[in-house]
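Enquirer: Based on what follows, work out the 3D shape:
(2 chains)
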Amino acid sequence: MNIDKEIIAKAKEGERKAMGEIYVFYKDYVLRSAYFILGKHDEAEDVMENVFFKVFTKIHTFNMEKDFKPWLSRIILNESRNLYHRRKAIYDNADLLMDQISEKESSPELRLDLKKHLSQMDYESKELIMMRFYQDLTLEEIARIKRITINNVKVRIHRALKKLKEFVKIDA
Amino acid sequence: MMHNEPNEIKTIINDLVSQVSAKEDHFHHIMQRIDLNQSSHKKVNGLLRFVLPGILSIILMVTMVFPVFGNESTLVDVYQNFRIQQHVNAIKHIEVSHPKYPTQQELKQYIIHTVLEKEFQLTPLQIQQIVSRNIDPSEMIGLAIMSKLSRQDPDFLLEQRKKLNWIRVVRRHGISPGSLIQEMRRFVQTHKNQVLQNLFIRGIVEAYSPETGTLLIEGVPFKIFLLPDTSFNSPINVGMDIEIEAVFLPETQKVGALVIRSFDPVKAGFITFSALVIHRDRHIVKYRVSEQQEETLILAPHILRSPANFLIRPGKNIRFVAFNDSEKGLIAIRFMPEAELPVNIPVPPMTQKQSRKGLTD
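Expert: Residues are numbered from 1 along each chain as shown, chains lettered A, B, ... in the order given. Predicted coordinates for the structure are as follows:
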């Protein structure tokens, strides 16, 4: 899931059509990443708007020799974290997130397990799981974004998964 | 249970988040925000480009006219005070680098006797007043310059300096800061040249012309000029050993003699003698003292570098100046071939033009 570099190059030159293409390509990716972390749809939309605002105003600083996705992920994380710290209380309410999960696609048991888990999971573990299992970033990319070692990433993801396994019972 | 299946986690997460989708119209919001941001940036930039220089000019004018810097007064005063302090620091640098007076005490003595007494012509009482304050030598000189310009007692000025900065003291006595800075600069220039270009020359007088005030010393590659205030401790004769305290004069690019005095190499531990060279290696010379006695002499490296050293060869009478080194023996530091026996070759008389040229060059 990577956009054509030519589009990014055009956006760097200020071409609005190219910016529109970037938006269409990544809008759900950005929104869903923020939604996973923050658990609120309206806040995820705020984050998404801020993320694209930053992307389009700072795209001239993007190094074309590097991958676009990790650069975007870093902006998503920063913006999500900013919002999270501004309204810390929001995340305590995991109910909201769970209410928005479609019943037809998730069993009641899964919803219950996830609900329990998400309410107990720390913010950073959530970030790591999102980067690894939703954004599909490599361990190296996560390490670069989080500014930690690859081994540290592995350990932290392992711990987060351990917690997840305790609560989510797929077989059930 | 999740049996270590990351793919299952992915599926769950995707299930979780796929319920939300972004709207297309958000893009327009974002672009509007960018446009708004750019236009506000333009406004601020325009404001900065036109209004800020105006404000700065007004501030500059106000600070130049009104005493807004408290004790430091106006901006001009602050700048001039800075310049004065810079020159005081420059004076300090000269003193520190003075090779003759390495210690602070010696330096103070030099300043008191040479600079304060001779150059600024302060009275013994005034000098005593400055010395008793135990201030930095550079401040002493600054004070002496101010005292000279304002015709005020240094002690009185120093009292004022405690409360006010230089510029306020200067203004109070009607001295223009420019003239003070100029005087300090002149002092720095004069003394800097003296300190850096002081020369000490010791050697045998090769030629001396009182009419043109020029002196040639053997082995010294430049002429030394007599100055109006050159002091002589002995008459100058060709062939005599003298020592000269000289200074390089940057304006004329000449070396001027300050003090000339006779110098006795024997008293200083040097030996002068004439000898007949009977053998020479590169730097070792054997010479005859008497019919039976021969001695060895080592030539100093600078003699070997001199092209004229080929004259030290067997059969030649050479006048050496040497000293006795406890380890190496006798080391020659200077030599001069003794005059050959006079040969009857007629010498043409010099024309007037030649003689004048010879003296002035």
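Enquirer: which residue packs closest to the residue sitting nearest the centre point of chain A, ignoring adjacent ones?
Expert: What sits nearest the mean C-alpha location of chain A, by C-alpha atoms, centre = their mean, is A:Ser33, with 2.7 Å. In this structure, A:Ser33 finds its nearest non-sequential neighbour in A:Ile76, 5.0 Å apart by C-beta to C-beta, 6 or more residues apart in numbering or on different chains. In short, each C-beta sits where N, CA and C put it, glycine included.
Enquirer: Give me the number of neighbouring residues for the one you found.
Expert: 28 (other C-beta atoms under 10 Å in any protein chain shown).
Enquirer: try A:Val55
Expert: Neighbourhood size, A:Val55 [other C-beta under 10 Å]: 23.
Enquirer: And A:Ser73, by the same measure?
Expert: Count around A:Ser73 with other C-beta under 10 Å applied: 24.
Enquirer: again, but for A:Ile142
Expert: Using other C-beta under 10 Å, A:Ile142 is surrounded by 23 other residues.
Enquirer: cool, and B:Leu276?
Expert: Counted with other C-beta under 10 Å, B:Leu276 comes out at 14.
Enquirer: what does A:Glu13 give?
Expert: Applying other C-beta under 10 Å, we find 9 residues neighbouring A:Glu13.
Enquirer: cool, A:Lys66 as well?
Expert: 10.
Enquirer: circling back: could you say which helix or strand holds the residue nearest to A:Ser33?
Expert: Element membership of A:Ile76, judged by DSSP states H and E, is helix A:68-86.
Enquirer: Let me know the pLDDT of residue 94.
Expert: As the question left the chain open, I've gone with chain A. Listed pLDDT for A:Ala94 reads 46.
Enquirer: let's do chain B instead
Expert: Predicted confidence (pLDDT) for B:Ile94: 62.
Enquirer: B:Asp264 contacts B:Asp241, correct?
Expert: Yes. At 6.8 Å, B:Asp264 counts as touching B:Asp241 under the criterion of C-beta atoms under 8 Å.
Enquirer: between those two, which one's more packed in?
Expert: Just comparing B:Asp264 and B:Asp241: by other C-beta under 10 Å the higher neighbour count belongs to B:Asp241, 20 against 10.
Enquirer: May I have the residues that are in contact with the more buried one?
Expert: Contact analysis of B:Asp241 by C-beta atoms under 8 Å, 6 or more residues apart in numbering or on different chains lists B:202-205, B:262-265.
Enquirer: Leaving out chain neighbours, which residue sits closest to it?
Expert: Counting by C-beta to C-beta, 6+ apart, B:Asp241 lies nearest to B:Phe263, which is 4.7 Å off, once chain neighbours are set aside.
Enquirer: mind listing the helices for the stretch 151-300 of chain B?
Expert: In the stretch 151-300 of chain B, helices defined by DSSP state H, counting those that start in this stretch lie at B:154-163, B:166-172, B:177-197, listed in chain order.
Enquirer: most tightly surrounded among the ones you listed?
Expert: Highest mean neighbour count of those: helix B:166-172, a mean of 20 (counted as mean count of other C-beta atoms under 10 Å in any protein chain shown).
Enquirer: could the helices of the stretch 151-300 of chain B go into CSV alongside distance to chain A?
Expert: Shown next, in CSV, are the helices of the stretch 151-300 of chain B (distance: least, C-beta to the nearest C-beta, whole Å):
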stretch, distance to chain A
helix B:154-163, 55
helix B:166-172, 49
helix B:177-197, 49
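Enquirer: can the ones you listed go into JSON lines with extra columns for mean pLDDT?
Expert: Listed next are the helices of the stretch 151-300 of chain B as JSON lines, based on pLDDT from 0 to 100:
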{"stretch": "helix B:154-163", "mean pLDDT": "79"}
{"stretch": "helix B:166-172", "mean pLDDT": "78"}
{"stretch": "helix B:177-197", "mean pLDDT": "72"}
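Enquirer: The helix holding A:Ile76: which residues count as buried?
Expert: A:68-73, A:75-77, A:79-81, A:83-84 (16 or more other C-beta atoms under 10 Å in any protein chain shown).
Enquirer: Which of these scores worst on pLDDT?
Expert: Ranked by pLDDT, the buried residues of helix A:68-86 bottom out at A:Tyr84, which scores 82.
Enquirer: For B:Lys357, report the pLDDT, please.
Expert: On pLDDT, B:Lys357 comes in at 42.
Enquirer: What number of residues are in the vicinity of the closest residue to B:Ala207 other than its chain neighbours?
Expert: With C-beta to C-beta, 6+ apart as the criterion, B:Ala207 has its nearest non-adjacent residue at 4.1 Å, and that residue is B:Leu216. B:Leu216 is flanked by 18 other residues according to other C-beta under 10 Å.
Enquirer: Run the chain-centre distance for the strand or helix carrying B:Phe323.
Expert: Taking DSSP H and E as the definition, B:Phe323 sits inside strand B:317-325. Relative to its chain's centre, strand B:317-325 lies at 36 Å (C-alpha atoms, centre = their mean, to the nearest Å).
Enquirer: who does the helix or strand that comes right after that strand touch, helix- and strand-wise?
Expert: Scanning forward in sequence from strand B:317-325 by DSSP H and E, the next helix or strand is strand B:329-337. Under the contact definition 3 or more C-beta pairs under 8 Å, 6 or more residues apart in numbering or on different chains; DSSP states H and E, strand B:329-337 sits against strand B:198-209, strand B:294-299, helix B:301-305, strand B:317-325.
Enquirer: of those, which approaches B:Leu276 most closely?
Expert: The closest of the helices and strands packed on strand B:329-337 to B:Leu276 is strand B:317-325. By C-beta to C-beta, the value is 5.5 Å.
Enquirer: Sheet partners, orientation included, of that closest one?
Expert: The sheet places strand B:317-325 alongside strand B:271-280 (antiparallel), strand B:329-337 (antiparallel), with pairing taken from DSSP bridges.
Enquirer: ok, residues contacting the longest one?
Expert: Applying C-beta under 8 Å, 6+ apart, the contact partners of strand B:271-280 are B:265-266, B:285-289, B:294-295, B:297, B:312-324, B:330, B:338.
Enquirer: could you give the mean pLDDT of it?
Expert: For strand B:271-280, mean pLDDT is 86.
Enquirer: now the shortest one
Expert: Strand B:329-337 shows a mean pLDDT of 82 in the predicted model.
Enquirer: buried residues in it?
Expert: Neighbour-count burial for strand B:329-337, counted by 16+ other C-beta under 10 Å, picks out B:330-336.
Enquirer: Let's have the residues you listed in JSON lines, adding distance to B:Gln19.
Expert: Converted to JSON lines, those look like this (distance: C-beta to C-beta, whole Å):
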{"residue": "B:Leu330", "distance to B:Gln19": "108"}
{"residue": "B:Ile331", "distance to B:Gln19": "103"}
{"residue": "B:Ala332", "distance to B:Gln19": "106"}
{"residue": "B:Ile333", "distance to B:Gln19": "102"}
{"residue": "B:Arg334", "distance to B:Gln19": "105"}
{"residue": "B:Phe335", "distance to B:Gln19": "108"}
{"residue": "B:Met336", "distance to B:Gln19": "111"}
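Enquirer: correct me, but B:Ala246 touches B:Ile224?
Expert: Yes. At 5.9 Å, B:Ala246 counts as touching B:Ile224 under the criterion of C-beta under 8 Å.
Enquirer: which neighbours do those two share?
Expert: With contacts taken as C-beta under 8 Å, 6+ apart, the residues that reach both B:Ala246 and B:Ile224 are B:201, B:255-257.
Enquirer: how far out from the middle of the chain is stretch B:123-134?
Expert: Distance, centroid of stretch B:123-134 to centroid of chain: 28 Å (C-alpha atoms, centre = their mean).
Enquirer: and if you look at stretch B:147-157?
Expert: Distance, stretch centre to chain centre, for stretch B:147-157: 29 Å (C-alpha atoms, centre = their mean).
Enquirer: What of stretch B:309-324?
Expert: 39 Å.
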